[in-house]
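Asks: A predicted structure for the sequence below; I have some questions about it.
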Amino acid sequence: MKQTTLGKAVSLTGTSLHEGAAVTLTLKPAKAGEGYTFIRTDKGGALVKAHPDKIIDVKRRTVIKEGEAEVHTIEHVLSALYGLGVDNAAIELNAPEPPAGDGSAKAFMDLVDQAGIAALEAEAAVFTPTSPLVFTEGNASISCMPRTADPGKSAELSVQYTLDYGVPHLPLQRFTGEVTPENYRKNIGVARTFCLEEEARQLQAMGFGKGANTQNTLVWGKNGVIDNKLAFADEFARHKALDIIGDLAVAGVRLNARVVGVASGHSLNQALAKALRAQFDAARKKPNGRGAMDIQGVLRVAPHRYPFLMVDRVLEAEGSRAVGVKNVTFNEPCFMGHFPGRPVFPGVLQIEALAQIGGLLVLQKPEHSGKLAFFTSVENVKFRRVVVPGDQILLEAEVLRERRGLAEVFARATVEGELCCEGNLKFMVVDEKAPRA
């Protein structure tokens with residue numbers, strides 16, 4: 001299953017639901033592995049990556065924050081992207097919140113249709129939860145069960161939602177649906193947001209719904225929907241399924257799972273997204289052992305030698321992924337000058353270690369036997385943690401694209417689960433010209 005992105009940039013202008021502000025949203029193509037990244041053009045192009053770690057606690061919507069930049073009510077646009085099968089997209093906004101559209105994900109589905117969907121070379125991250133997950137708040141709950149995908153098929157996610165608010169004039173609703181592009185487009189993405197008549201004024205008094213009206217929010221009174229009509233008898237339950245899909249899209253993986261919500265809202269959805277991402281990250285930290293190399297195996301593939309060999313062992317090297325280890329000791333030559341009395345492993349050598357595990361990943365293919373991987377460029381590098389003697393760096397690399405002797409790899413270095421650095425690395429594979437020492 002290959003990753004996907006948008007075919008071209010497309011834009012939409014409208015009014016946001018809660019902020020009530022005029023806003024232009026532009027969906028743009030993104031590289032493999034970038035996932036969903038929001039760009040606040042009114043904040044100097046500040047980036048806010050969709051990730052569970054970025055979620056902040058705001059009622060009745062999902063909000064993410066990075067630095068001083070926030071993006072509000074992201075669930076509908078992310079639901080449309082996930083539901084239609086788009087894995088990577090840049091989402092530009094000139095305000096904190098996307099346009100409301102008609103209260104569903106239809107406006108964003110229309111944008112995806114205008115842009116088209118393009119396949120990328122990298123494999124998609126598909127995850128089957130390693131164990132069942134359940135979260136509850138009073139009478140509300142959300143659960144997630146592993147679901148094995150059929151061989152040869154893409155990730156399979158199903159969502160069931162039961163709406164039961166205990167309100168006499170709002171009957172119980174239940175919806176179950178498979179999250180495929182066809183079913184999402186027809187039965188989920190067009191379901192509109194809603195609220196009860198008695199809570200509408202309260203919500204606006206609390207600062208919610210400044211841009212809401214009866215055409216972008218279904219208001220349910222004692223006699224049914226006010227100044228509008230339902231598209232489905234169970235439209236409210238369908239919209240809650242839409243919200244679940246958008247909130248779980250923040251986890252950044254395609255899911256083989258069955259999710260069941262009962263009267264749940266964004267806070268429970270977010271708790272599940274965080275738990276799924278934690279399971280996914282933990283599973284990736286357990287190398288499968290295939291393609292593993294001890295130091296002798298590393299020396300047979302890598303051209304580097306003392307004092308510049310930065311990979312001590314390869315724990316996994318198969319297909320498009322490799323995991324290795326760099327043991328940092330006080331005997332590293334760099335510590336003689338970096339820094340006397342305060343040894344810190346240089347960031348440039350962390351990047352070199354990532355380049356070497358990325359090079360080993362590329363060179364382990366039979367067609368590259370006896371060749372060299374020349375490091376050509378590095379992009380989007382971030383340093384998060386100091387590395388010191390005694391640390392063991394876990395090096396992870398994943399091929400994003402490879403063609404005609406050129407390869408791009410996303411790589412990250414961690415120590416005891418803490419991110420040290422990450423970035424995109426590019427290589428050129430060439431024939432070896434000189435014998436190794």
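Replies: Structure's in. What do you need?
Asks: From here on, just use CA atoms for contacts and neighbour counts.
Replies: OK.
Asks: Now do the helices in the stretch 301-437 of the chain.
Replies: For the stretch 301-437 of the chain, the helices defined by DSSP state H, counting those that start in this stretch occupy 347-363.
Asks: helices or strands next to the lengthiest helix in the chain in the packing?
Replies: Secondary structure assigned by DSSP state H gives helix 266-284 as the longest helix of the chain. For helix 266-284, the packing partners by 3 or more Cα pairs under 8 Å, 6 or more residues apart in numbering; DSSP states H and E come out as strand 133-137, strand 140-146, helix 235-249.
Asks: Report the mean confidence score over stretch 211-224.
Replies: The average of the pLDDT scores along stretch 211-224 is 92.
Asks: Ends of that stretch, what's the gap?
Replies: End-to-end distance for stretch 211-224, by Cα to Cα, to the nearest Å: 22 Å.
Asks: For the helices and strands packed on helix 266-284, please prepare JSON lines with the additional fields distance to Val86 and mean pLDDT.
Replies: Written out in JSON lines, the entries for those read as follows (distance: least, Cα to Cα, whole Å; pLDDT from 0 to 100):
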{"stretch": "strand 133-137", "distance to Val86": "25", "mean pLDDT": "97"}
{"stretch": "strand 140-146", "distance to Val86": "22", "mean pLDDT": "96"}
{"stretch": "helix 235-249", "distance to Val86": "11", "mean pLDDT": "98"}
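Asks: Of all the ones you listed, which one is nearest Glu182?
Replies: Closest approach to Glu182 among those (Cα to Cα): helix 235-249, 14.1 Å.
Asks: Of all the residues in the closest one, which ones are buried?
Replies: By neighbour count, and taking 16 or more other Cα atoms under 10 Å as the criterion, the buried residues in helix 235-249 are 235-249.
Asks: Beyond it, next helix or strand please.
Replies: Next along the chain after helix 235-249, taking DSSP states H and E as the criterion, comes strand 254-255.
Asks: Against which helices or strands is that next one packed?
Replies: Right, strand 254-255 is packed against strand 126-127 by 3+ Cα pairs under 8 Å, 6+ apart.
Asks: tell me the average confidence for the strand it packs on?
Replies: 90.
Asks: Likewise for stretch 337-352?
Replies: When pLDDT is averaged along stretch 337-352, the result is 96.
Asks: Then stretch 423-432?
Replies: On average, stretch 423-432 scores 90.
Asks: same check, this time on stretch 147-165
Replies: Averaged across stretch 147-165, the pLDDT comes to 80.
Asks: One more: stretch 188-206?
Replies: When pLDDT is averaged along stretch 188-206, the result is 87.
Asks: likewise stretch 364-380?
Replies: The average pLDDT within stretch 364-380 is 86.
Asks: Show me which residues of that stretch are buried.
Replies: Neighbour-count burial for stretch 364-380, with 16+ other Cα under 10 Å as criterion, is recorded at 364, 368, 370-373, 375, 378.
Asks: Next: stretch 53-65.
Replies: For stretch 53-65, burial by neighbour count (16+ other Cα under 10 Å) applies to 55, 61-65.
Asks: now stretch 175-194
Replies: Neighbour-count burial for stretch 175-194 flags 175-181, 184-185, 187-194 (criterion: 16+ other Cα under 10 Å).
Asks: Out of those residues, which sit inside strands?
Replies: Among the buried residues of stretch 175-194, the members falling in strands are 175-178, 194 (criterion: DSSP state E).
Asks: May I see the buried residues of stretch 337-346?
Replies: By neighbour count, and taking 16+ other Cα under 10 Å as the criterion, the buried residues in stretch 337-346 are 343-346.
Asks: Also stretch 35-43?
Replies: 35-41.
Asks: For Gln350, state which of these is nearest.
Replies: Lowest distance from Gln350 to these (Cα to Cα) belongs to Gly35, with 24.0 Å.
Asks: Could you say which one of the helices and strands packed on helix 266-284 comes nearest to Ala21?
Replies: Smallest distance to Ala21 across those (Cα to Cα): 21.7 Å, for helix 235-249.
Asks: Kindly state which of the helices and strands packed on helix 266-284 is positioned closest to Glu316.
Replies: For the helices and strands packed on helix 266-284, the distance to Glu316 is smallest for strand 140-146, at 24.8 Å, taking Cα to Cα.
Asks: Let me have the helices and strands packed on helix 266-284 in JSON lines, adding distance to Phe308 as columns.
Replies: Formatted as JSON lines, the helices and strands packed on helix 266-284 follow (distance: least, Cα to Cα, whole Å):
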{"stretch": "strand 133-137", "distance to Phe308": "45"}
{"stretch": "strand 140-146", "distance to Phe308": "44"}
{"stretch": "helix 235-249", "distance to Phe308": "41"}
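Asks: so which of these gets nearest Gly83?
Replies: Checking those against Gly83 by Cα to Cα gives helix 235-249 as the closest, at 7.4 Å.
Asks: Quick one: list the elements packing against the closest one.
Replies: On a contact count with 3+ Cα pairs under 8 Å, 6+ apart, helix 235-249 meets helix 75-83, strand 157-163, strand 173-178, helix 266-284.
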